[in-house]
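**Q** Okay, structure incoming, though there's no sequence with it:
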C-alpha cells in the first residue's frame with residue numbers, strides 16, 4: 001500500500017491542566033504534523049493514552065482528527081487488545097469509511113503462544129473491512145510475535161498488509177523483510193531504528209518523535225527511502241538525543257513536554273502516567289530551543 005510508505009505519526013491525546021481532552025490542542029497537533037510533511041496519521045494508538053480514555057472521549061478524539069484532517073492524509077485507526085471477540089465485534093460495527101487501515105497490537109498480558117497470536121489475527125483479518133497492520137511491541141505485550149508468525153499471516157491473508165515492528169531487534173525486522181511477500185510492508189515502530197530499517201528495505205515508520213519534529217523526521221525517512229543514507233543519517237544523529245529523551249520517563253510524557261516547549265499543547269498526562277520531572281523537562285526544552293531555526 002503506497003499510502004503507508006513514509007512517516008506516519010502516532011498522535012497523542014492532549015489534555016488540559018484539569019485532565020480533560022484539549023480539542024483545540026489536538027487540532028493544532030494534527031495541522032502541525034500535516035504541515036510538516038508526514039505521510040499519514042495514526043489515531044488511537046498506545047501513544048494516545050487510549051487506556052485511560054472513556055468511550056465517549058475516544059469517539060471525540062476520532063471525530064476531531066477526521067474533521068481537522070479533511071481528507072488531506074490517510075488515517076489509520078488503532079483497533080486492538082487482548083479480547084479477540086470484542087475486537088471482532090468492533091470491526092463488524094464501526095464505520096471505517098474515513099480510514100485507510102487499522103493498526104492492531106498483538107495481545108498483551110494474556111501471553112498467548114504463537115498459534116494463539118496467529119488465530120487472534122486470523123479472526124481480525126477475516127472480520128476487518130479494511131487492511132490490517134500488525135503491531136509487535138514485546139516491551140508492552142510481554143510476548144514477541146515471531147517472524148515466522150508474521151510471514152504466515154502475510155501469506156494467508158491478503159488484507160494483512162504490513163507490520164509495525166517494535167521489538168527493537170534489527171535482525172528480526174530484517175528477517176521479516178527477507179521472508180514476507182514482496183508487497184508486505186515492514187514499518188518501524190521504533191524511532192531510533194526507523195532509518196536503519198528503511199535502509200534495509202523497510203517501508204517507513206509509525207513515529208512518536210515525528211509529530212514533534214515532523215519536517216525533519218519525515219524528510220529523513222524520505223531520504224532513507226531514496227537510499228541517500230549519508231544525508232539521512234545527519235538528521236538521525238541530530239534527532240537521536242531527543243528520541244532517547246522522550247522515552248526516558250515513559251511515552252507520551254516526553255513528547256508532550258516537547259509540545260509544551262513548542263507552545264502547541266500542555267504536558268499533562270493521566271495517571272498512572274506522570275509528567276516528566278524538572279530535569280528532563282529542562283533538557284527537552286533546551287533541545288527544542290536549539291533546534292528551532
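**A** Sure, I can see it. Bear in mind that the values here come from a model prediction, so they are computed numbers and not experimental data.
**Q** So which residues of the stretch 51-200 of the chain form helices?
**A** 55-69, 84-93, 114-127, 138-141, 147-156, 170-179, 194-199 (DSSP state H, counting those that start in this stretch).
**Q** And the next helix or strand past the helix or strand residue 237 falls within?
**A** Per DSSP states H and E: residue 237 is located in helix 229-248. Under the assignment DSSP H and E, the closest C-terminal helix or strand after helix 229-248 is helix 253-262.
**Q** That next one - what's its average pLDDT?
**A** Throughout helix 253-262, pLDDT has a mean value of 98.
**Q** how distant is that helix from the center of its chain?
**A** 17 Å (CA atoms, centre = their mean, to the nearest Å).
**Q** so what secondary structure elements neighbour that helix?
**A** Here helix 253-262 touches helix 23-35, helix 229-248, helix 278-291, going by 3 or more CB pairs under 8 Å, 6 or more residues apart in numbering; DSSP states H and E. Just so you know, the C-beta spots here come from the backbone N, C-alpha and C atoms, and that holds for glycine as well.
**Q** next SSE after the shortest one?
**A** As assigned by DSSP H and E, the chain's next helix or strand after helix 23-35 is strand 40-43.
**Q** who does that following strand pair up with?
**A** Each strand paired with strand 40-43, and its direction, by DSSP bridges: strand 6-10 (parallel), strand 75-78 (parallel).
**Q** quick one on the thing from earlier: how about the helices and strands packed on helix 253-262, which one is nearest residue 115?
**A** helix 229-248 (31.8 Å; CB to CB).
**Q** Tell me the gap between that closest one and the middle of its chain.
**A** For helix 229-248, the distance to the chain centre is 17 Å (CA atoms, centre = their mean).
**Q** if we can go back for a sec, ok, and which of the strands paired with strand 40-43 has the densest surroundings?
**A** For these, the largest average neighbour count (mean count of other CB atoms under 10 Å) is found in strand 6-10, namely a mean of 28.
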